[in-house]
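[1] have a look at this prediction, sequence included:
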Amino acid sequence: MTHQTTKIAVSSIILDETIYPRKGIDHRRVGIFSENIRDGFAFDPIEVERILDRAGIYRLLDGAHRWNAFKSTGVTEVDAVIKDLEGNDPLLYAAKKAIGPRQLTEDEARDTARRAYAGNSSLSSMDIGKAIGRARRTVDLYIADLRAATKMDKDLKIFRMNRLGIPQDRIAERLGMARTSFQYHLPKMATLPNSANADLSRGFTVAQVAQKHGWTDPMVWSLALVGKNDRDRFKELGWGLRT
């Protein structure tokens, strides 16, 4: 990671809640820092990242309490390290820096893990755990429901493209998946329609089944019309026939 140290106006720095791992600012800690500043104590530079679409504005990666203390004491410029994270997750980077002086609470750790995974489902439990100071198994518990939803979403995308006759290598490429990972999803294609088909057989409408399972109407129609001739398909769709 590249970095440089420079003087930055306090007013040009913002606290981005989306990458801040704490539930809030500890005002007692800010007060202690403020008194230290007034007494002439020096602090390590804070760490920031440029906001690309806002010229001259930076978001905090580390040093939220010091930054608030500088503001409260009227300091106008601070020493800062400008970080280039080079694609690394900023939330996890900020979390890793935050647990240096004080561990994340259970709520903070869980919330940070879930936000990180929701933003990038390719993150492993080990990577998240290292950043928030938790074991891999603990992170697995934090994000179990999110991971299940992500897998189901991929299964549905694969199922839809498979029904459209798109070759497997092209499906894998479109989803950015390695062939080995893609092969893991294929056995589910045979059983995935079972619950939707069961509801259709019970007399539920296509719209009802789609809403229940979170599918699109065309995906459910592709099941409902299987094995029917053209006349029956037109009847199901409510289309008229012309000779």
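    Here it is on my side, so go on.
[2] state which helix of this protein is the longest.
    helix 136-163 (DSSP state H).
[3] following that one, which helix or strand comes up?
    Counting by DSSP states H and E, the next helix or strand C-terminal to helix 136-163 is helix 168-174.
[4] coming back round to it: can you give me the mean pLDDT across the longest helix of the chain?
    Summarised as a single mean, pLDDT over helix 136-163 is 85.
[5] and it, what does it pack against?
    Contacts defined by 3 or more CB pairs under 8 Å, 6 or more residues apart in numbering; DSSP states H and E place helix 136-163 against helix 106-119, helix 125-132, helix 168-174, helix 179-185, helix 217-224. Where C-beta positions appear, they are placed from N, C-alpha and C, glycine not excepted.
[6] list the contacts of the second one.
    The set of residues external to helix 125-132 that reach it, using CB atoms under 8 Å, 6 or more residues apart in numbering, is 21, 89, 92-93, 95-96, 99, 104, 109, 112-113, 116-117, 134-140, 143.
[7] among the residues you listed, which ones are buried?
    21, 89, 92-93, 95-96, 99, 104, 109, 112-113, 116-117, 134, 138-139, 143 (16 or more other CB atoms under 10 Å).
[8] of the helices and strands packed on helix 136-163, flag the one that's most buried.
    Compared across the helices and strands packed on helix 136-163, helix 125-132 shows the largest average neighbour count, a mean of 21 (mean count of other CB atoms under 10 Å).
[9] which stretch in the helices and strands packed on helix 136-163 has the least confidence?
    helix 179-185 (a mean of 73).
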